[in-house]
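S.K.: Need coordinates for the below:
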Amino acid sequence: MISPPERKRLRKMAKSRSARSEDSRRARIVLALAKGSSLRKLSAQEQCSVNTVRLWRERFTAERLSGLFSRHRGRQAAAGSEKLHARIMDWTLHRKPASRATQWSTRALARALGTNQSRVARVWASAGLQPHRLRRYMASNDPDFETKAADIIGLYLKPPLNAAIFCVDEKSAIQALDRLDPVLPLSPGRAERHGFEYFRHGTLSLYAALETQSGQVLGKTTQRHTSAEFVAFLNDLIATQPAGKPIHAIVDNLSAHKTKRVIEFLAANPNLTLHYTPTYSSWLNQVEIWFSKIQRDLIARGIFISKGDLSRKIMRYIGQHNKTARPFKWTYRNPSHRI
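M.R.: Got it, this is the predicted structure:
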């Protein structure tokens with residue numbers, strides 16, 4: 001007989017995708033035996049011998065759930081394995097290959113140390129080492145990084161009362177690419193295929209303002225991205241809000257955002273305040289998240305027969321986005337790392 005808690009645990013083991021396959025099979029054997037399956041029928045169903053079914057039946061009868069786990073103690077460590085482990089770690093972290101390669105491979109390091117690549121791979125896996133991977137970073141050199149970053153994060157976490165908060169930026173040089181060959185559609189076992197050759201109809205710039213409290217986007221396409229276009233877009237942004245309502249716009253340090261024309265516009269519109277991100281810190285601007293979304297959804301694989309077609313499809317995408325827009329749940333997991 002199987003008690004209800006045991007049955008629940010066995011069913012969980014049998015259906016688990018993360019458990020070892022042999023553990024799942026043992027749980028299925030016990031459950032099938034409890035339903036009255038014969039040894040021979042169950043061995044054919046699980047593709048194992050009758051003795052295997054009988055073994056786990058006896059183990060479960062004698063020791064219940066604890067008897068279903070393996071008792072193999074593993075292979076005894078070879079003499080000198082600790083020293084070899086230490087050498088693999090030392091060479092991986094502090095030496096370069098003699099071939100002048102930039103990083104070790106398991107086979108190259110195994111040849112250098114006179115061992116096999118499987119041992120090197122196991123050591124790397126246990127230590128979490130991945131020499132083939134590379135991640136890039138950009139450290140801000142802004143002396144006022146902490147002050148500027150805290151100002152922007154404060155707008156996200158506790159915005160001023162009755163004020164509108166926008167993240168503003170431009171995505172420049174969006175290419176209107178048209179494929180010369182027909183697109184071969186997606187089919188079972190085959191990805192969608194685009195021809196290698198294309199025709200470039202020109203480029204556009206996209207100005208976008210993301211309202212942090214609603215997630216909606218105000219967008220505008222332009223031929224260029226100078227201070228004149230930036231001021232015109234700020235004027236459009238102000239027109240969407242009630243007269244006199246305080247507006248805070250988070251922007252980056254592009255030179256077009258700091259010209260004399262921009263300064264004069266801000267003086268004429270005191271309800272608009274620009275907050276500049278620290279240098280090399282575009283990750284603080286939430287509109288960059290939305291830019292990556294439109295790049296994936298529309299631009300990367302889009303086909304555009306003209307710049308006008310590109311502009312229409314971008315504005316149509318923004319309209320559809322605004323129908324179901326939601327604010328980003330923006331968090332910075334480790335403020336002590338950078339701030």
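S.K.: where exactly do the helices run in the stretch 201-339 of the chain?
M.R.: Taking DSSP state H, counting those that start in this stretch as the test, the helices found in the stretch 201-339 of the chain are 227-239, 260-268, 287-294, 307-323, 335-338.
S.K.: need the longest strand for this protein.
M.R.: Here the longest strand in the chain is taken by residue count, with DSSP state E as the criterion, and it is strand 164-179.
S.K.: what about it, distance to the chain center?
M.R.: 21 Å (Cα atoms, centre = their mean, to the nearest Å).
S.K.: Just the CA coordinates for it, please, in CSV.
M.R.: Only the C-alpha atoms of strand 164-179 are listed here, as CSV (Å, rounded to 0.1, in the frame of the first residue of the first chain):
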residue,chain,number,x,y,z
ALA,A,164,4.7,64.4,-15.9
ILE,A,165,7.9,62.4,-16.2
PHE,A,166,9.2,61.5,-19.7
CYS,A,167,12.2,59.7,-20.9
VAL,A,168,13.3,61.3,-24.2
ASP,A,169,15.8,60.2,-26.7
GLU,A,170,16.3,59.7,-30.5
LYS,A,171,17.0,56.5,-32.4
SER,A,172,19.1,57.7,-35.3
ALA,A,173,20.0,56.1,-38.7
ILE,A,174,17.1,53.7,-38.9
GLN,A,175,17.5,52.2,-42.4
ALA,A,176,14.6,51.7,-44.8
LEU,A,177,15.8,48.4,-46.2
ASP,A,178,14.0,46.6,-49.0
ARG,A,179,14.9,43.0,-49.9
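S.K.: quick one: buried residues of that strand?
M.R.: When burial is assessed from 16 or more other Cβ atoms under 10 Å, strand 164-179 yields the following buried residues: 164-171, 174-178. Any C-beta I mention is one placed from the backbone N, CA and C, and that applies to glycine too.
S.K.: Could you say which helix or strand holds Lys148?
M.R.: In the assignment (DSSP states H and E), Lys148 maps to helix 145-157.
S.K.: elements contacting that helix?
M.R.: strand 247-251, strand 272-276 (3 or more Cβ pairs under 8 Å, 6 or more residues apart in numbering; DSSP states H and E).
S.K.: Buried deepest among those, which one?
M.R.: Neighbour counts averaged per stretch over the helices and strands packed on helix 145-157 are highest for strand 247-251, at a mean of 22; criterion: mean count of other Cβ atoms under 10 Å.
S.K.: Report the angle between that one and strand 272-276.
M.R.: Angle of strand 247-251 versus strand 272-276, following axes from the mean of the first three to the mean of the last three Cα atoms, to 10 degrees, is 30 degrees.
S.K.: export strand 247-251 as CSV, just CAs?
M.R.: The C-alpha trace of strand 247-251 is given here as CSV (Å, rounded to 0.1, in the frame of the first residue of the first chain):
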residue,chain,number,x,y,z
ILE,A,247,7.2,68.4,-17.1
HIS,A,248,10.5,66.6,-16.3
ALA,A,249,12.3,65.0,-19.3
ILE,A,250,15.2,62.7,-18.9
VAL,A,251,17.7,63.0,-21.8
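S.K.: quick check: mean pLDDT across that strand?
M.R.: Model confidence over strand 247-251, given as mean pLDDT, is 96.
S.K.: What pairs with that strand, parallel or antiparallel?
M.R.: strand 164-179 (parallel), strand 272-276 (parallel) (DSSP bridges).
S.K.: Can you give the distance of it from its chain's centre?
M.R.: The chain centroid and the centroid of strand 247-251 are separated by 27 Å, computed with Cα atoms, centre = their mean.
S.K.: List the contacts of that strand.
M.R.: The list of residues contacting strand 247-251 from outside it, by Cβ atoms under 8 Å, 6 or more residues apart in numbering, reads 152, 155, 159-160, 163-169, 209, 234, 237-238, 241, 257, 271-277, 284-287.
S.K.: Flag the shaky bits of the stretch 1-150 of the chain, pLDDT-wise.
M.R.: Low-confidence segments of the stretch 1-150 of the chain, defined by pLDDT under 70, span residues 73-74, 76-77.
S.K.: hey, where'd the helices end up in it?
M.R.: In chain order, the stretch 1-150 of the chain shows helices spanning 4-15, 21-34, 39-46, 50-63, 81-94, 106-113, 117-127, 145-157, with DSSP H, counting those that start in this stretch as the criterion.
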